[in-house]
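Undergrad: Pasting a predicted model and its sequence here:
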Amino acid sequence: MSVRTVRYYVFLKDILVLSLTAFGGPQAFLAMLLERMVKKRGYIQEEELWELNALCNMLPGPSSTQLVSAIGFRVGGPNLAYLALLVWILPATIIMVTAAVLIDFLQENTPGALNFARFIQPMAIGFIIFAAQKTISKMIKTTEAMILMLISAFVAFFYSSPYIFPVMLIIGGLSTSMKYKNQPKVAEESPLTIRWSNFYLWGGVLILAAIGGAITKYQPILLFENFYRNGSLIFGGGQVLVPYLYTEFVEFKHFLSSEEFLTGYAISQGIPGPTFSISSYVGALSMRESGLIGFITGGLISAAGIFLPGIFLIFFVIRFWDQLKLYRPVRAALEGINAVSCGMLIAAAYLLFEPLEANSTNIFFILGTYSLLQFTKISSPMIIAGGLVLGIITQHFLG
């Protein structure tokens with residue numbers, strides 16, 4: 001076995017360890033990457049890690065997954081990057097598909113079975129509010145961005161079609177890109193040298209999936225297209241994905257109930273790995289009528305759909321990123337895109353709360369979860385576990 005092969009094997013082993021232990025959201029994940037990938041193994045330099053992280057946050061798709069794949073790309077090229085992607089997403093995908101099967105089984109066989117999750121449903125909204133607050137404080141820096149955020153939230157409140165979201169993101173980006181002259185020149189802008197193969201791959205899959213779904217009406221193809229489209233348009237991480245999925249699969253297509261969605265979202269906050277794994281749960285329940293095969297097929301297709309576009313795009317952009325980041329309109333457009341994403345988060349908190357009963361218990365658990373996240377160091381999995389234990393105790397003694 002060559003030294004290179006051993007190095008690749010060790011790299012994939014490190015990714016597997018991260019996929020099983022990366023609790024606590026993006027901040028904790030970045031700290032783990034810095035410790036294991038930079039300081040312990042030396043796969044890349046620290047400055048390169050932060051630069052790749054910034055690039056992934058600028059692209060649509062799951063930023064943590066793109067970052068893992070980008071490091072794999074730098075270490076061993078596209079083949080290692082795709083293997084790293086698979087190792088990173090598989091544990092969380094399996095957990096969320098299993099959760100979908102169990103929740104559906106409980107609902108079918110035990111009336112009121114989801115009462116054990118009665119508290120983690122409002123707790124999920126607490127997580128969304130916390131994520132919104134953190135994201136807004138980081139991304140909203142100007143009056144124009146604040147106005148864009150409020151407009152997008154207003155539109156999302158009253159026009160919840162999934163097709164309006166990408167339009168709002170494009171408008172937001174274009175509106176702030178026109179202020180590019182306010183961006184400082186960091187160096188002389190030079191002509192871009194672009195290799196288009198991965199862009200064509202991304203666009204080709206999107207078009208083929210859309211055409212295939214429209215012609216065949218075959219649910220797995222339709223499901224793949226739904227998630228591939230979302231994965232191509234989501235800026236801002238897993239928390240921004242929530243309003244898209246909720247609108248499309250709960251309100252628009254009625255594949256899941258609001259109760260099922262909130263339960264799955266809360267579970268996704270308590271497991272390691274990528275937050276986009278909620279997609280596997282939604283996809284699995286969307287194909288529940290086909291039995292166990294449907295659950296597995298829906299979960300895997302949804303995972304492929306949500307993760308692949310971001311990977312295609314990071315492979316496309318990483319080759320000319322050093323040139324692209326010098327262009328002021330590119331940097332200026334991010335302000336509008338991020339502002340619209342923040343507006344989506346505000347809308348998500350409202351849309352997810354609306355189906356819940358507005359009683360003191362739900363409000364207490366929403367505010368309590370937010371307070372624990374904001375003012376204590378208790379981890380997300382521990383908070384979710386506490387909510388589940390309280391739900392089980394309450395169900396046992398009160399029914």
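TA: Nice, I can see it. Numbering: from 1, shown residues only.
Undergrad: longest helix in this protein, by residue count?
TA: Criterion DSSP state H: the longest helix present in the chain is helix 63-109.
Undergrad: The closest residue to residue 270 other than its chain neighbours: neighbouring residues, count only.
TA: Distances taken as Cβ to Cβ, 6 or more residues apart in numbering put residue 384 closest to residue 270, at 3.4 Å, once the chain neighbours are dropped. From N, CA and C alone the C-beta is placed, and that goes for glycine too. Per other Cβ atoms under 10 Å, the neighbour tally for residue 384 reads 23.
Undergrad: got it, and residue 385?
TA: Residues near residue 385, counting by other Cβ under 10 Å: 13.
Undergrad: residues in contact with it?
TA: By Cβ atoms under 8 Å, 6 or more residues apart in numbering, the contact set of residue 385 is residue 270.
Undergrad: Okay, and it sits in which element?
TA: Assigned by DSSP states H and E, residue 385 belongs to helix 380-398.
Undergrad: what comes up buried for that helix?
TA: Neighbour-count burial for helix 380-398, with 16 or more other Cβ atoms under 10 Å as criterion, is recorded at 380, 383, 384, 386, 387, 388, 390, 391, 395.
Undergrad: what mean pLDDT would you report for the helix or strand following the longest helix of the chain?
TA: The first helix or strand that comes after helix 63-109 along the chain, using DSSP H and E, is helix 120-139. For helix 120-139, the mean per-residue pLDDT is 75.
Undergrad: and the angle for helix 120-139 with helix 380-398?
TA: Orientation note: helix 120-139 sits at an angle of 160 degrees relative to helix 380-398 (axes from the mean of the first three to the mean of the last three Cα atoms, to 10 degrees).
Undergrad: same for helix 120-139, what does it pack against?
TA: With contacts taken as 3 or more Cβ pairs under 8 Å, 6 or more residues apart in numbering; DSSP states H and E, helix 120-139 sits against helix 238-245, helix 258-269, helix 328-353, helix 360-375, helix 380-398.
Undergrad: again, only using 6 Å
TA: When contacts are defined as 3 or more Cβ pairs under 6 Å, 6 or more residues apart in numbering; DSSP states H and E, helix 120-139 sits against helix 258-269, helix 328-353, helix 360-375.
Undergrad: Would you convert those helices into TSV that also reports mean neighbour count?
TA: What follows is these, written out as TSV (neighbours: other Cβ atoms under 10 Å):
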stretch	mean neighbour count
helix 258-269	24
helix 328-353	23
helix 360-375	16
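Undergrad: how about the ones you listed, which one is nearest residue 12?
TA: When the helices and strands packed on helix 120-139 are compared by Cβ to Cβ, helix 258-269 sits nearest residue 12, at 23.8 Å.
Undergrad: CA atoms only for that closest one - export them in CSV, please.
TA: In CSV, the C-alpha atoms belonging to helix 258-269 read as follows (Å, rounded to 0.1, in the frame of the first residue of the first chain):
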residue,chain,number,x,y,z
SER,A,258,-46.5,20.1,10.6
GLU,A,259,-46.1,17.9,13.7
GLU,A,260,-44.0,15.4,11.8
PHE,A,261,-41.9,18.1,10.3
LEU,A,262,-41.1,19.8,13.6
THR,A,263,-40.3,16.5,15.2
GLY,A,264,-37.9,15.6,12.5
TYR,A,265,-36.3,19.1,12.6
ALA,A,266,-35.7,18.8,16.3
ILE,A,267,-34.2,15.3,15.9
SER,A,268,-31.9,16.7,13.2
GLN,A,269,-30.6,19.3,15.7
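Undergrad: I would like the residues contacting it, please.
TA: 99, 114, 117, 120-121, 123-124, 127, 246, 250, 277-278, 281, 355, 380, 384 (Cβ atoms under 6 Å, 6 or more residues apart in numbering).
Undergrad: average pLDDT across that helix?
TA: The average pLDDT for helix 258-269 rounds to 83.
Undergrad: Quick check: closest non-adjacent residue to residue 157.
TA: Residue 157 sits nearest to residue 347 (Cβ to Cβ, 6+ apart), 5.6 Å away.
Undergrad: any idea how far that neighbour lies from residue 281?
TA: 21 Å (Cβ to Cβ, to the nearest Å).
Undergrad: try residue 126
TA: Plainly put, residue 126 is 19 Å away from residue 281 if you go by Cβ to Cβ.
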